[in-house]
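Engineer: My questions concern the predicted model and sequence given below.
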Amino acid sequence: MLRPVKRVRAQLVESAAAFGSVFRNRGLRDLELGWAGSIVGHWAFTVAVSVFAYNAGGPSAVGLIFLLRMVPSALLSPFAAVLGDRYRRERVMFASDLVRAALVGAAAVAVFADAPATIVYALTIGAAIAATPFRPALAAISPSLARTPEELSATNVVTSTIESVGYFGGPALAGLLLGVASTGTVFAVTAVLHLWSAFFVGRIHADYVRRTEGWGGGRAILHEALAGFRAGIEDARLRVILGLFWAQTLVAGAVQVLVVVTAIELLDLGRSGVGFLSSAFGVGAFVGAIASFALVGSRRLAPPFLAGMLLWGAPLALIGLWPNTASAVVLLGLVGVANTLVDVSGFTLLQRTAPQEVLARVFGVLQMLWLGSLGIGAMLVTPLVHGLGGRGALVVTGAFLPVIVLLLASRVMRIDASAEPPSPDQLALLTSIPIFAPLPGATLEHVAGRLLPLRREPGEEIVRAGEAGDLFYLVVEGEVEVQAPGRPPSVLGPGQYFGEIALLRDVPRTATVVARTPTVLYALGREDFLAAVTSHGPSAAAAEAVVDARLGRPRVEALEPS
């Protein structure tokens, strides 16, 4: 019991330190202030659009507009992300903010002028599409602004924390505004938040080299992009996990409609109630994020994954059976907790199961399922609302996931039984190293499971300067000597590492490393290392920052061995 409590306490202390570190760097401070305006505006706008659609066309309009905003974004997301590599990333973010501010502002004018609902819908769909390049560009620019690997680790903590706050802060802001004003007012405030974001992003100037080489043929790109889909189809274990995620995101899309119906029709809370109920889900997700630290290193992840799936559905059915404001707030908070529980345990199961060489693309499949299924779920629930009423739709939707869990529980348990968990010592070693510190706990577990133990005797050469690199090394016991051309020898001991530059930049080894004493090391293969640090936005940002910091500082630690 004490161990999870200490872990959570340590995480909170680290988060507080992270804010201080990041906000002393002007570039990172502007980036995070811009991100705060963008994410709060996004969720406030989402609530306001749902309320507008409900007033204009009822539950079916809510589902339709949600579908039309989600599906194009899902399809265009991989292509929009390319902009961050083709053009200056701060300009891509700035342009995204300005376009969104213009479109959302125009939607506000249309609402105040009582323009046709189709005009408002078209503007909101355009705003959703304009948002797609922002997040990838943010992840890519962070390494150019961070002065050290440790500072980038702090940036990732701050970015994640702001995202969690925005998830319930945006709906709460919308709820307050809807209680005293119209949806047009929320649209106008959202436009101002995007201008706020553009102001801070526009102050950023990042120093980096933009890649301009060719992208390869369209057929080759398509073949690589489809690798994650092929893995998910061919591996029965992945089919089960991805299938459950797909079912969960269908329900999540349905919830976007059902929250509106619950607030306005069942609980008579009015338009502001939509924001308050949505923020209850966000608060639950934030609480679940803190509690989920207890899952890191857990051997059995199928039980929390399946429990999260059950909690995603059962509270919705209870709201339908017993529509009450206080219980609805608590039950939607439980759904938020379940969301985090499913993400943490399910992502880890995927990482332990998917082939390493296609792991990132499997997560790409998951992201596309998430965006597309949200819109589809919002559309599918509207016939239920019309046919069964709000309460009946809540009960049927809430029963969907428990039924799926009963059908697939035994198969998920078998996947869990075959997964190999890491040891606590391996996790502790990884979390003490700056290059891995920004990685999510589930990714750290996957990396720990791929470590290969090695032993070297005194005088034995581990790597040689000029040779190709295929392994990343962590020193567990003993000492090694680093012999870098033009520099005095240096010694690395337990907890230190070497070999990252050759892997990250695809260059020959920059130093020779020899064992000074009997030495125990962990080695991580090139593909495992690269996939781990680039499978998520913050991880990719951390990898680039480590290399930039090491190559740009004239000291022993800035060389490849560290």
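Structural biologist: Cool, got the structure. Just so we're clear, the structure is a prediction, and the values are computed from it rather than from any experiment. Numbers count the residues shown, from 1 in each chain.
Engineer: residues near residue 236, how many?
Structural biologist: When neighbours are counted by other CB atoms under 10 Å, residue 236 registers 10. From N, CA and C alone the C-beta is placed, and that goes for glycine too.
Engineer: typo on my end, residue 300
Structural biologist: 14.
Engineer: low-confidence ranges in the stretch 1-150 of the chain?
Structural biologist: In the predicted model of the stretch 1-150 of the chain, residues 1-19, 21, 77-82, 84-86, 136, 139-140, 143-144, 146-150 satisfy pLDDT under 70.
Engineer: For it, just list every one of the helices.
Structural biologist: Taking DSSP state H, counting those that start in this stretch as the test, the helices found in the stretch 1-150 of the chain are 2-23, 26-57, 59-81, 83-86, 89-112, 117-130, 134-145, 149-180.
Engineer: Quick check: most distant residue from the centroid of the protein.
Structural biologist: Distance from the centre of the chain peaks at residue 459, with 44.4 Å (CA atoms, centre = their mean).
Engineer: Pretty sure residue 517 is one of the things it touches, is it not?
Structural biologist: No: under the criterion of CB atoms under 8 Å, residue 459 makes no contact with residue 517, lying 9.9 Å away.
Engineer: where exactly do the strands run in the chain?
Structural biologist: For the chain, the strands defined by DSSP state E cover 452-456, 461-463, 471-477, 480-483, 490-492, 497-498, 512-515, 519-525.
Engineer: domains for this structure, by residue range?
Structural biologist: Per automatic domain parsing, the structural domains of the chain span 17-206, 217-421, 424-558.
Engineer: neighbours around the closest residue to residue 187 other than its chain neighbours, how many?
Structural biologist: In this structure, residue 187 finds its nearest non-sequential neighbour in residue 108, 3.6 Å apart by CB to CB, 6 or more residues apart in numbering. Using other CB under 10 Å, residue 108 has 24 neighbouring residues.
Engineer: gap between residue 108 and residue 198?
Structural biologist: To residue 198, residue 108 is 17 Å away according to CB to CB, to the nearest Å.
Engineer: got it, and residue 430?
Structural biologist: The value you get for residue 430 to residue 198, if CB to CB is used, is 38 Å.
Engineer: do you know which of the helices of the stretch 1-150 of the chain lies nearest residue 392?
Structural biologist: The closest of these to residue 392 is helix 59-81. By CB to CB, the value is 12.5 Å.
Engineer: Kindly present the helices of the stretch 1-150 of the chain as TSV, with separate columns for distance to residue 323.
Structural biologist: Converted to TSV, those look like this (distance: least, CB to CB, whole Å):
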stretch	distance to residue 323
helix 2-23	34
helix 26-57	17
helix 59-81	16
helix 83-86	45
helix 89-112	30
helix 117-130	28
helix 134-145	36
helix 149-180	19
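Engineer: Ok, which of those comes nearest residue 393?
Structural biologist: helix 59-81 (8.4 Å).
Engineer: So which bits of that closest one are buried?
Structural biologist: For helix 59-81, the neighbour count (16 or more other CB atoms under 10 Å) marks 59-74, 77, 80-81 as buried.
Engineer: same thing with stretch 269-285?
Structural biologist: So for stretch 269-285, counting by 16+ other CB under 10 Å, buried means 269, 271-285.
Engineer: do stretch 392-404 as well
Structural biologist: Of all the residues in stretch 392-404, those buried under the rule 16+ other CB under 10 Å are 393-398, 400-402, 404.
Engineer: Show me the contact partners of it.
Structural biologist: With contacts defined as CB atoms under 8 Å, 6 or more residues apart in numbering, stretch 392-404 is touched by 244, 247-248, 250-251, 254-255, 258, 261-262, 309-310, 312-321, 381, 384-385, 388.
Engineer: just the buried members of those?
Structural biologist: Going by neighbour count (16+ other CB under 10 Å), the contacts of stretch 392-404 have 244, 247-248, 250-251, 254-255, 258, 261-262, 309-310, 312-320, 381, 384-385 buried.
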